[in-house]
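Visitor: Predicted model and sequence follow; I will ask about them next.
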Amino acid sequence: MRWSTANCTISRTMEVLGEKWTFHILREVFVGIRRFDDIRTRADIPRQVLTDRLAALIDRGLLRRVPYRLPGQRERYEYRLTQPGLDLYPVLVAMVQWGDEHLPLDGGPPLISQHRDCGEEITVVLRCAAGHEPTPREVAFRPGPTAQPRIVESAD
């Protein structure tokens, strides 16, 4: 309680990822849907919302535009993940994992993450640098190098 949350990593991350449609778009690009109309159709997202969100994801460095042209048509763009975008894959898998456990469907999950090489299901786990897999109650957040003391307003 002595440390400020003014420069909180979670807050900064949610400024980029916290909007409803962001992970819908990223989900589509992660599974290989890269063209505007295909993303719009599969995610059932309004055209202007998709335009705005794609621009924001490009500005934040999560996606990049790659031109393509079908014969006889004008140049268009595909949307590809950058390395920071790819680094969100464990977050997407964790969201699916959490949803399947806590919001299950009667017939089973609609998606299963599998390792392409062996076919086994992919899960996200917490692991420390020493190789331990602590439970959430065994994890502590401590002040880091940019933590700032919380300024308490005095009641006058």
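Guide: Arrived safely, thanks for sending.
Visitor: close enough to count as contact, P143 and W3?
Guide: Yes - at 5.1 Å, P143 counts as touching W3 under the criterion of Cβ atoms under 8 Å. Every residue, glycine included, has its C-beta placed from N, CA and C.
Visitor: Tell me where the chain has strands.
Guide: Counting by DSSP state E, the chain has strands at residues 63-69, 75-81.
Visitor: Comparing P143 and W3, which shows the higher neighbour count?
Guide: Shown here are P143 and W3; by other Cβ atoms under 10 Å, W3 has more neighbours (15 against 11).
Visitor: Now the residue most central in space within the chain: closest residue in space, sequence neighbours ignored.
Guide: When Cα atoms, centre = their mean is applied to the chain, the residue found nearest the centroid is L88 (4.6 Å). Using Cβ to Cβ, 6 or more residues apart in numbering and skipping the chain neighbours, the partner closest in space to L88 is L26 (6.3 Å).
Visitor: which residues of this protein score low on pLDDT?
Guide: Applying pLDDT under 70 to the chain picks out residues 1, 154-156.
Visitor: Would you mind finding the most buried of the strands of the chain?
Guide: With neighbours taken as mean count of other Cβ atoms under 10 Å, the strands of the chain reach their highest mean count in strand 75-81, at a mean of 15.
Visitor: now the angle between strand 63-69 and it, please.
Guide: Angle of strand 75-81 versus strand 63-69, following axes from the mean of the first three to the mean of the last three Cα atoms, to 10 degrees, is 150 degrees.
Visitor: what's strand 75-81 packed up against?
Guide: In terms of contacts (3 or more Cβ pairs under 8 Å, 6 or more residues apart in numbering; DSSP states H and E), strand 75-81 is packed against helix 22-30, helix 36-43, helix 47-59, strand 63-69.
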